[in-house]
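1. Quick one: sequence and predicted model below, then my questions.
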Amino acid sequence: MTIFKRLGLTQVINGSGKMTALGASAVSEDVARALKDASQDYVDINEMMELAGTVIADVTGAEDGCPTNGAAAGIAISTAAVIAGENLTYIERLPNSDGMKNQVIIQKGQQIHFGASIAQMISMGGGKVVEVGQANKVEQQHIEEAINEQTAALLYIKSHHAVQKGMQPIETMIAIAKKHQIPLIIDAAAEEDFQKYIAMGADIVIYSGGKALEGPTSGFICGRKKMMEACRMQYKGIGRPMKIGKEGMAGLIVALKQYASRDVDVEGQLSRMQQLCEGLEGVPGLTCSIKQDEAGREIYRANIEVDSKEAGMTAEELLHALELGNPAIFLRHHYVNIGILSVDPRPLLKGQEAIIAETIKLILARGVK
């Protein structure tokens, strides 16, 4: 029996993805062991922070790194670092950044809600958000015209939540940052390539430790050494309530060291999603196909299109029925408004794709109540 069952919580089948609301990732035995061992011993936290920074640097190719309790904290801490630096007086004043260079420029189509607001994370770090362009179109000129003596950083959000067309690419953002000698921060929370953006020339890059890395609830920042030292200093200020503990750091370090030898198993993803689609073949009102992740990652999901007239219920009704079951089945629902549900194979345990297909058929046979 799992810990969640022992606590009386509903069993969950996660077909949605590595989502914070569902606990992000299930960690490996080695990571789980690191969490347990660290929780039962003591360590100098500052020394462990330095070690974590070294491991992060080794894995990402950056000069240094800073562990956090999540990618969202990474945005706030990185913002605070570019505004306050290592000045303790400024650090202790944040998020009040009056009189400091505090403006953070972001493209309008990347001003997103990821479970919370990007703008709020920036504000927590003392940043004043400057949106540029329009939701579906940003020109380089928009960005450069917004730069002034109060600009602390440019921020780029690499996410499936963001508008994927009409935005200026990372290459342009890097060129602008270098031209104006302004740091570029990239939020790459769910990205799988931990070296790409540092190699491209980004100054600060933020990742989740609990998503692609499959580590514990955690995150990490990587980048230029001076900036990472400033990030660690924020734990004397706004970073204090966002601090990562010894357990989280131990699990993060082990997960980072394992990352290069991980088994991505793209073929396995495709096979399992093909089996799911085959399980739904012939079901009235459903069309199942396999689609690659919209942000271009090596993730292949089953897309289930629901024709409400033929199926007897809408995609949203089917989604809610799945979530109310036992086990509760959570699917990816970014396009539920146009009748599409998706199944992400990565968090599924063995055989759960068959359970999803059978449950969908049972719900449709029962109809809307």
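-> Structure received.

2. what's the spacing between Leu324 and Leu318?
-> In this view, Leu324 and Leu318 are 11 Å apart by CB to CB, to the nearest Å. Glycine gets a C-beta too; all of them are placed from N, C-alpha and C.

3. Check Leu88 too.
-> 55 Å.

4. between the two, who's got more neighbours?
-> Comparing Leu88 with Leu318 by neighbour count (other CB atoms under 10 Å), the higher total belongs to Leu318, at 26 against 12.

5. Mean confidence (pLDDT) on the host helix or strand of the more buried one, please.
-> Following DSSP states H and E, one finds Leu318 within helix 315-323. Across helix 315-323, the average pLDDT comes to 95.

6. Which elements pack onto it?
-> strand 300-306, strand 328-331, strand 340-343, helix 352-366 (3 or more CB pairs under 8 Å, 6 or more residues apart in numbering; DSSP states H and E).

7. Identify each of the strands in the chain and give its residue range.
-> 12-15, 64-68, 103-107, 128-132, 151-157, 184-187, 204-208, 219-223, 286-292, 300-306, 328-331, 340-343 (DSSP state E).

8. Let me have the ones you listed in a markdown table, adding mean pLDDT and mean neighbour count as columns.
-> Output for the strands of the chain, formatted as a markdown table (pLDDT from 0 to 100; neighbours: other CB atoms under 10 Å):
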| stretch | mean pLDDT | mean neighbour count |
| --- | --- | --- |
| strand 12-15 | 92 | 23 |
| strand 64-68 | 98 | 28 |
| strand 103-107 | 98 | 25 |
| strand 128-132 | 97 | 19 |
| strand 151-157 | 97 | 25 |
| strand 184-187 | 98 | 28 |
| strand 204-208 | 97 | 30 |
| strand 219-223 | 98 | 30 |
| strand 286-292 | 91 | 16 |
| strand 300-306 | 93 | 23 |
| strand 328-331 | 94 | 21 |
| strand 340-343 | 94 | 23 |
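
9. In contact with the closest residue to Glu294 other than its chain neighbours, which residues?
-> What sits nearest to Glu294 in space, not counting adjacent residues and going by CB to CB, 6 or more residues apart in numbering, is His160, at 5.3 Å. Neighbour list for His160: 190, 293-295, 334 [criterion: CB atoms under 8 Å, 6 or more residues apart in numbering].

10. In these, which residue is surrounded by the most others?
-> Most surrounded of the contacts of His160: other CB under 10 Å gives Ala190, at 25 neighbours.

11. what's the pLDDT at it?
-> 89.

12. for the closest residue in space to it that isn't next to it in sequence, what are its contacts?
-> Leaving aside its chain neighbours, Ala190 sits nearest to Lys211 (4.7 Å; criterion: CB to CB, 6+ apart). Shown in contact with Lys211 (CB under 8 Å, 6+ apart): 18, 24-25, 71, 189-190.

13. can you count the residues close to Ala80?
-> 29.

14. Next, find the distance separating it from Ala357.
-> Taking CB to CB, one finds Ala80 at 47 Å from Ala357.

15. Kindly report the same for Met49.
-> According to CB to CB, Met49 and Ala357 sit 46 Å apart.

16. that older thread, mind giving me JSON lines with the contacts of His160 and columns for distance to Leu256?
-> Compiled in JSON lines, the contacts of His160 are given as follows (distance: CB to CB, whole Å):
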{"residue": "Ala190", "distance to Leu256": "16"}
{"residue": "Asp293", "distance to Leu256": "23"}
{"residue": "Glu294", "distance to Leu256": "27"}
{"residue": "Ala295", "distance to Leu256": "22"}
{"residue": "His334", "distance to Leu256": "29"}
